[in-house]
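1. next comes the sequence, and after it the predicted model I'd like to discuss.
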Amino acid sequence: QVQLQESGPGLVKPSGTLSLTCAVSGGSISSSNWWSWVRQPPGKGLEWIGEIYHSGSTNYNPSLKSRVTISVDKSKNQFSLKLSSVTAADTAVYYCARGREAFDIWGQGTMVTVSS
Amino acid sequence: QSALTQPASVSGSPGQSITISCTGTSSDVGSYNLVSWYQQHPGKAPKLMIYEGSKRPSGVSNRFSGSKSGNTASLTISGLQAEDEADYYCCSYAGSSTSNWVFGGGTKLTVL
């Protein structure tokens, strides 16, 4: 059974770059699926950040596109998120998820706080 | 402001049925049969409950059902149980020219 696990720093300074990795276990990242990042600010709703296919093709939320980079490392069976020029508004729980017709598998989420 | 509109809260008594609406536009909900619904308990990751508008993943109770009419999708939960109390989010594909995926603002379900 496929499982996802996010990892990365829990604290990032303002204007810095948030970097997270999602490790895929129990299956191959090269399967016919898209792999997404979704975030949830404290007490608020879900926001789709972007997605990547194992070929490297990406799609991003236009509201974040200028600051987001999602990449894939097939050799490590993982994909990553980089969000630059962060502010307090980027404080959230960040989830990775497997998605094709829907997001059927989610990681447990990791809290990232932007603060000096 | 979320792309899809959901009521902030709904409530019902055990055994009753409730329906949560999710209103989008002709560019998302109305154009694609790719509406999904997620259940989220406090401190937990979202769980897929309905996909492609009305399909249930394996293991999801048949008390959960989905439908769509025009630009509005709906999630119905019948025979409410205490463990159904959670936040529910709808999501729709919105096409590659915009944000591929858009979520609703979420609905808090209270089981009285």
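-> Looks like it came in fine.
2. which other residues reach the longest strand seen in chain B?
-> Determined from DSSP state E, the single longest strand within chain B is strand B:86-93. For strand B:86-93, the surrounding residues in contact (CB atoms under 8 Å, 6 or more residues apart in numbering or on different chains) are A:45-46, A:48, A:102-103, B:3-4, B:6, B:20, B:22, B:24, B:28-29, B:32, B:34-42, B:46, B:49, B:73, B:75, B:100-104, B:106-109. In short, each C-beta sits where N, CA and C put it, glycine included.
3. and it, what's buried?
-> Buried residues in strand B:86-93, counted by 16 or more other CB atoms under 10 Å in any protein chain shown: B:A86, B:D87, B:Y88, B:Y89, B:C90, B:C91, B:S92, B:Y93.
4. run the chain-centre distance for that strand.
-> How far strand B:86-93 lies from its chain's middle: 4 Å, per CA atoms, centre = their mean, to the nearest Å.
5. so A:R67 touches A:L81, yeah?
-> No. Contact criterion CB atoms under 8 Å: A:R67 and A:L81 do not qualify, at 10.7 Å.
6. so the two - more neighbours on which side?
-> Neighbour totals were compared for A:R67 and A:L81, and A:L81 leads with 24 against 16 (other CB atoms under 10 Å in any protein chain shown).
7. what score does the residue of chain B most remote from its centre have for pLDDT?
-> Distance from the centre of chain B peaks at B:S97, with 23.6 Å (CA atoms, centre = their mean). According to the predicted model, the pLDDT of B:S97 comes to 73.
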